[in-house]
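Colleague: My questions concern the predicted model and sequence given below.
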Amino acid sequence: MYTKLLVEATLGRPVQVKGAEGPVTITREQLAGKIYGLDFVTKLMEDILARGGRAVQELRLQGVNIADGINSPSTN
């Protein structure tokens, strides 16, 4: 959605989004910042998840399976 809005803004068309008090006009720079921020957070989460997956694989190679205790019911 933001990419489409950025194209519109680059073509010189006014871009408005819903705000708390009604429509708000946003600039190309604001749109580009929102896109950059979303891309940054997405990449960060992907990196964290990739490292977590590799860590789980390495632990399993060492004979440790942490997933076994996470979902199993307590026997206390």
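Modeller: Structure received.
Colleague: any weak-confidence spans in this structure?
Modeller: Applying pLDDT under 70 to the chain picks out residues 66-76.
Colleague: Please repeat the previous calculation with a cut-off of 50.
Modeller: Residues of the chain that meet the criterion pLDDT under 50 lie in 71-76.
Colleague: From L61, how far off is the spatially most central residue of it?
Modeller: Among the residues of the chain, T42 comes closest to the average C-alpha position under Cα atoms, centre = their mean, at 3.2 Å. The gap separating T42 from L61 is 29 Å, by Cβ to Cβ, to the nearest Å. The C-beta positions use only the backbone N, C-alpha and C, and glycine is treated the same way.
Colleague: Give the other helices and strands that the helix or strand harbouring L49 contacts.
Modeller: Per DSSP states H and E: L49 is located in helix 28-61. Under the contact criterion of 3 or more Cβ pairs under 8 Å, 6 or more residues apart in numbering; DSSP states H and E, helix 28-61 touches helix 2-10.
Colleague: Direction-wise, compare the helix it packs on with helix 28-61 and give the angle.
Modeller: Angle between the axes of helix 2-10 and helix 28-61 is 160 degrees (criterion: axes from the mean of the first three to the mean of the last three Cα atoms, to 10 degrees).
Colleague: so how far is helix 2-10 from its chain's centroid?
Modeller: 20 Å (Cα atoms, centre = their mean, to the nearest Å).
Colleague: Need the residues that contact that helix.
Modeller: V15, V17, I26, T27, R28, L31, A32, K34, I35, L38 (Cβ atoms under 8 Å, 6 or more residues apart in numbering).
Colleague: Run a quick neighbour tally on the fourth one.
Modeller: Other residues within reach of T27, judged by other Cβ atoms under 10 Å, total 11.
Colleague: What sits closest to it if chain neighbours are left out?
Modeller: A9 (6.9 Å; Cβ to Cβ, 6 or more residues apart in numbering).
Colleague: How about the secondary structure of K18?
Modeller: strand (DSSP: H, G, I helix; E, B strand; the rest coil).
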